[in-house]
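A.B. asks: compute the structure for the input listed below.
(2 chains)
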Amino acid sequence: MYSRILTGSIVGADAETVTVETDLSPGLPNVTIVGLPDISVREARERIRAALINAGYRFPSKRITVNLSPAGSRKEGTHFDLPIAIGVMAASGDINTEEAERYAFIGELSLDGRVNPVQGAIALAIGLRNRGVERLILPAGNKQEVSILKDLEIYPVEHIAEVEAHLSGFQPVMPYKGRPPKSPVGSTSTSEDFADVAGQECVKRALQVAAAAAHNILMVGPPGAGKTMMAHRLPGILPAMTYEESLEVTKIYSLAGQLPASDGLVTVRPFRSPHHTTSATALAGGGSKPKPGEVSLAHFGVLFLDEFPEFQRKALEALRQPLEDEEITISRTFATVTYPAKIMLVAAMNPCPCGYYGHSTQKCICSEHQILQYLSKISGPLADRIDMHIEIFPVPYEELIEGGENNCKRMNSMQMRSTVEAARSVQIDRYRKENISYNSQLTPSIMEKYCPLDRESKQLLKMAFKTYNLTARSAQKIVKLSRTMADLEELENISATHVAEAISYNRFFTMGNSYEKR
Amino acid sequence: MKNAKEEMPIREISLKDEGFPELLRAIKNPPSTMYYKGNLNLCDTPCLAVVGARKATPYGKWAAYHIAKRAAEHGVTIVSGMASGIDSCGHMGALDAGGNTIAVLGCGPDICYPRTNRDLMNRISRAGLILSEYPPGSPPLQGQFPARNRIISGLSYGVLVAEASLRSGSLITAGLALDQGREVFAVPGNIDSIYSIGTNKLIQDGAIPLADVDDILDLLGIREIRSSKKHRALLGEDEEIILQFVTDYGSVTLDRLCMISGKAPAAVGALVTILEMKGVVRTSMGKIHVAK
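C.D. replies: Below you'll find the model as predicted:
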């Protein structure tokens, strides 16, 4: 009158195994679920009772105690329905217990006995696989997403009767192998090409540099300069995701319940552009039951924040830790979870509240004070974590025309991407022994080892210090950027030209003072 | 707080006193009493007023700073109103040259307005003079600022307007200067720049344009001390090429430079940065200019 069934429970971005113990004992008919279930788990008993009866099984009129072990951690989610139901059936003898113990189960039950898909299936499956589970019975609705796991046998079911038939050997369910992914890993979704952008070659160059080592970048310019247009074309020049990267992104999307039903693996690098009214919680992740936020949903991809200073201060400052640590830890009453957040931040902003400061034809109506206040919304620590600051201005009409006539070489996304891919593989090779993959992740301690500067470069850096009033932190950013510049040309040594270009991407926030002080 | 400031007492001088600045006494409605902090004798040195808009472009700030610096290097005292923008740059130029400067405030001489100029005010009171017709403790009220402009021009032989849009307060100062019989100088700007319409109009109305930073010396009748050496000799071949293009075009965008020079954006970006650090060109608002 006792059974043990294996299932899992989500803890942050990971999952741990949970054993569903079911005991039937004589007494008043009653179902008690213990082991810190939350409401969604406690409600399972109503669904299970109805599902079993409507599927034609009996629901034992006994005193039923279900323990979710380890009993000390909180459990939530509707995927406990199926394992508990199987536990009840096994305990009452409807199912062969030994056979059932070979599998793990997840699934939500409908009142007629159908098995509905659940959120976070891939995260559960990965967690269970890592803890030695080899066979998983899961809702058919989740089979596509979980089939991407290469070393886990999955048995998709649509109805609880299929589970019973499978376990009794009456009508076995065939393990699902999954169809080969529609699109090969690493395809780019975007149909937008940099070749469509007339002029702005220098901005394209800057974005290419940023993409080459996932440097965070801030674009400042009046409306209509093309900031958003450029940002949207960025994913098109990012290199393909590896299988491991894909898996991790899929896991986060599954946890957030944002995985499209038809798709298995997320194969395209995420590009997230939350609106500027987004709250700090939505951006960073959180809630009383923590969910990944935009910064985690952009993991291995691009987080694009348009109208950067219009975001709530709280929301922006929440980005500081993830930008530094590449993960975000959320602590709430019920749980402390850590989500990965390895992102490339792309921010865009106007130079002043009205937007036209520095525009050649439109008059700016902001006062000096307003402009300063607007810029000060980007706090120093945040600006410091953004490696590149570039200015972008509308292309004058004459240049648009000339650019077309002179058939000047417009870079297109394909070319840009292959350069970026080459530069990235150079970096991955170089940092094989370190715990990082790209220049943007270089820490001061190892920077000297990988970014030696020759005399001329050092002189240039010294000059920049004086001219632009640089801080020590911006000097480090310049060195990192110079390394990327050299990698784009696949050169081993950083030269003065690289440093000079890197300096040009670090001028903006020192601009205001530079002329007065010179 | 009070004690720290004791070193720099605020003194008072009235129109009837002997030490009252002579040039200022001669204007139509001189202030009856003035409150000051610092060296009042500066009023009797040759003074040049440097004024302009609070919201200025890097070009205007650059002009104000360098003209003030050049003049101050040659013993001219720079007078201005310590507002943000052009005024601050004028003071800063004079201070950086180790020269003299006078700030005429529209509030009490103990009040710092705008507050962001706290550092500047300290520097001026140590090395120059802070002057006001309003007693200590007077708050900065709107009507007081145009009134103090007559003192700025009254103290000076000439008034230089570095940058002004059409309805700028510095045009009032220029008007007052004319009434008082002072010279008016103006820094010309691009005629498509709304920040230079005021100064260009002044030139149209007869103000003396400055074609070069050093012009200010000729106009004030001062012999130039040749001290600064030119960087030009230090330029590399590619840098010369880029500089030539910038000189030819006057002001040019980075993209256009790429187009006409046939070089990659990466190379042009690097060269322009080097040129800027060498002080030969300036970038502002996405355009590159020749620095004078």
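
A.B. asks: residue contacts, the residue in the stretch 101-250 of chain B that chain A sits nearest to?
C.D. replies: Closest approach between the stretch 101-250 of chain B and chain A, counting by CB to the nearest CB: B:Ile194, at 5.3 Å. C-beta coordinates here come from the backbone N, C-alpha and C atoms, glycine included. With contact taken as CB atoms under 8 Å, 6 or more residues apart in numbering or on different chains, B:Ile194 is in contact with A:363, B:165-166.

A.B. asks: mind checking which of those residues are buried?
C.D. replies: Buried members of the contacts of B:Ile194, scored by 16 or more other CB atoms under 10 Å in any protein chain shown, are B:Ser165.

A.B. asks: can you redo the contacts of B:Ile194 as a markdown table with secondary structure, distance to A:Ile436 and pLDDT?
C.D. replies: Compiled in a markdown table, the contacts of B:Ile194 are given as follows (DSSP: H, G, I helix; E, B strand; the rest coil; distance: CB to CB, whole Å; pLDDT from 0 to 100):
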| residue | secondary structure | distance to A:Ile436 | pLDDT |
| --- | --- | --- | --- |
| A:Lys363 | coil | 47 | 78 |
| B:Ser165 | coil | 50 | 87 |
| B:Leu166 | coil | 55 | 86 |
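
A.B. asks: want to throw the contacts of B:Ile194 into CSV with distance to A:Ala85?
C.D. replies: Shown next, in CSV, are the contacts of B:Ile194 (distance: CB to CB, whole Å):
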residue, distance to A:Ala85
A:Lys363, 70
B:Ser165, 77
B:Leu166, 80
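
A.B. asks: just the CA atoms of stretch A:277-284, as PDB, please.
C.D. replies: This file holds the C-alpha atoms of stretch A:277-284, laid out as PDB (Å, rounded to 0.1, in the frame of the first residue of the first chain):
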ATOM      1  CA  THR A 277       8.100  51.500 -18.900                       C
ATOM      2  CA  THR A 278       9.300  48.000 -18.000                       C
ATOM      3  CA  SER A 279       9.700  47.600 -14.200                       C
ATOM      4  CA  ALA A 280      12.800  46.600 -12.400                       C
ATOM      5  CA  THR A 281      11.300  43.200 -11.700                       C
ATOM      6  CA  ALA A 282      10.400  42.500 -15.300                       C
ATOM      7  CA  LEU A 283      13.900  43.500 -16.400                       C
ATOM      8  CA  ALA A 284      15.900  41.700 -13.800                       C
END
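
A.B. asks: just the buried positions in it, please.
C.D. replies: Neighbour counts using 16+ other CB under 10 Å place A:278, A:280-284 of stretch A:277-284 among the buried residues.

A.B. asks: kindly indicate which of those residues lies nearest B:Leu171.
C.D. replies: Nearest to B:Leu171 out of these is A:Thr278 (CB to CB; 45.6 Å).

A.B. asks: next up, the contacts around the closest residue to the closest one other than its chain neighbours.
C.D. replies: Once flanking residues are discounted, A:Thr278 sits nearest to A:Ala315: 6.2 Å by CB to CB, 6 or more residues apart in numbering or on different chains. Applying CB under 8 Å, 6+ apart, we find A:Ala315 in contact with A:278-280, A:283-284.

A.B. asks: and the two most separated of these?
C.D. replies: A:Thr278 and A:Ala284 (9.9 Å).

A.B. asks: chain A contacts on the stretch 151-292 of chain B?
C.D. replies: B:192-194, B:253-256, B:258-259, B:264-274, B:276-279, B:282-283, B:285-286 (CB under 8 Å from any CB of the partner chain).

A.B. asks: go again using 7 Å as the cut-off
C.D. replies: Residues of the stretch 151-292 of chain B that fall close to chain A, judged by CB under 7 Å from any CB of the partner chain: B:192, B:194, B:253-256, B:258-259, B:265-267, B:269-270, B:272-274, B:277, B:285-286.

A.B. asks: name every strand pairing with the longest strand seen in chain A and say which way it goes.
C.D. replies: The strand that spans the most residues within chain A, counting by DSSP state E, is strand A:14-25. Here strand A:14-25 has these sheet partners by DSSP bridges: strand A:2-11 (antiparallel), strand A:63-69 (antiparallel).

A.B. asks: what residues does stretch B:17-26 touch?
C.D. replies: B:13, B:15, B:30, B:40, B:43-44, B:151, B:154-155 (CB atoms under 7 Å, 6 or more residues apart in numbering or on different chains).

A.B. asks: of all the residues you listed, which comes closest to A:Pro175?
C.D. replies: Closest to A:Pro175, out of all of those and judged by CB to CB, is B:Ile151, at 92.3 Å.

A.B. asks: residues touching the nearest residue to that closest one once chain neighbours are set aside, list them.
C.D. replies: Distances taken as CB to CB, 6+ apart place B:Val104 nearest to B:Ile151, at 4.9 Å, with adjacent residues excluded. By CB under 7 Å, 6+ apart, B:Val104 lies in contact with B:79, B:81, B:131-132, B:148, B:151-152.

A.B. asks: now swap in A:Asp487 and tell me
C.D. replies: So A:Asp487 contacts A:212, A:423, A:426-427, A:439 (CB under 7 Å, 6+ apart).

A.B. asks: which parts of the stretch 51-200 of chain B are helices?
C.D. replies: B:58-73, B:86-96, B:118-127, B:144-155, B:169-179, B:197-204 (DSSP state H, counting those that start in this stretch).

A.B. asks: got a pLDDT number for residue 169?
C.D. replies: Answering for chain A, as no chain was given. Predicted confidence (pLDDT) for A:Gly169: 88.

A.B. asks: my bad, the chain I had in mind was chain B
C.D. replies: pLDDT, B:Gly169: 83.

A.B. asks: out of the contacts of B:Ile194, who's nearest A:Pro444?
C.D. replies: A:Lys363 (44.4 Å).

A.B. asks: quick check: A:Leu475 touching A:Leu461?
C.D. replies: That one is not Leu; residue A:475 is Ala. Yes: between A:Ala475 and A:Leu461 there is a contact at 6.3 Å, judged by CB atoms under 7 Å.

A.B. asks: of those two, who's got more company?
C.D. replies: A:Leu461 (20 against 16; other CB atoms under 10 Å in any protein chain shown).

A.B. asks: and the more buried one, that's in a helix?
C.D. replies: Yes: according to DSSP: H, G, I helix; E, B strand; the rest coil, A:Leu461 belongs to a helix.

A.B. asks: if I look at it, how far off is chain B?
C.D. replies: Distance of A:Leu461 to chain B, computed by CB to the nearest CB, to the nearest Å: 10 Å.

A.B. asks: B:Ala164 against B:Thr173, yeah?
C.D. replies: No: using CB under 7 Å, B:Ala164 makes no contact with B:Thr173, being 9.3 Å away.

A.B. asks: buried ones in stretch A:382-398, by neighbour count?
C.D. replies: A:382-396.

A.B. asks: closest one of those residues to A:Ala140?
C.D. replies: So of the buried residues of stretch A:382-398, ranked by how close each gets to A:Ala140 (CB to CB), first place is A:Arg385, at 44.5 Å.

A.B. asks: leaving out the residues flanking it, which one is nearest to that closest one?
C.D. replies: Of all residues not flanking A:Arg385 in the chain, A:Leu323 sits nearest, at 4.5 Å (CB to CB, 6+ apart).

A.B. asks: quick one: low-confidence ranges for the stretch 101-250 of chain B?
C.D. replies: When residues are selected by pLDDT under 70, those of the stretch 101-250 of chain B lie in B:222-234.

A.B. asks: now distance to A:Val266 too, for the contacts of stretch B:17-26, in TSV please.
C.D. replies: Formatted as TSV, the contacts of stretch B:17-26 follow (distance: CB to CB, whole Å):
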residue	distance to A:Val266
B:Ile13	77
B:Leu15	81
B:Pro30	78
B:Leu40	75
B:Cys43	74
B:Asp44	78
B:Ile151	70
B:Gly154	73
B:Leu155	71
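
A.B. asks: state the distance from B:Ala72 to B:Met92.
C.D. replies: From B:Ala72 over to B:Met92 the distance is 10 Å, taken as CB to CB, to the nearest Å.
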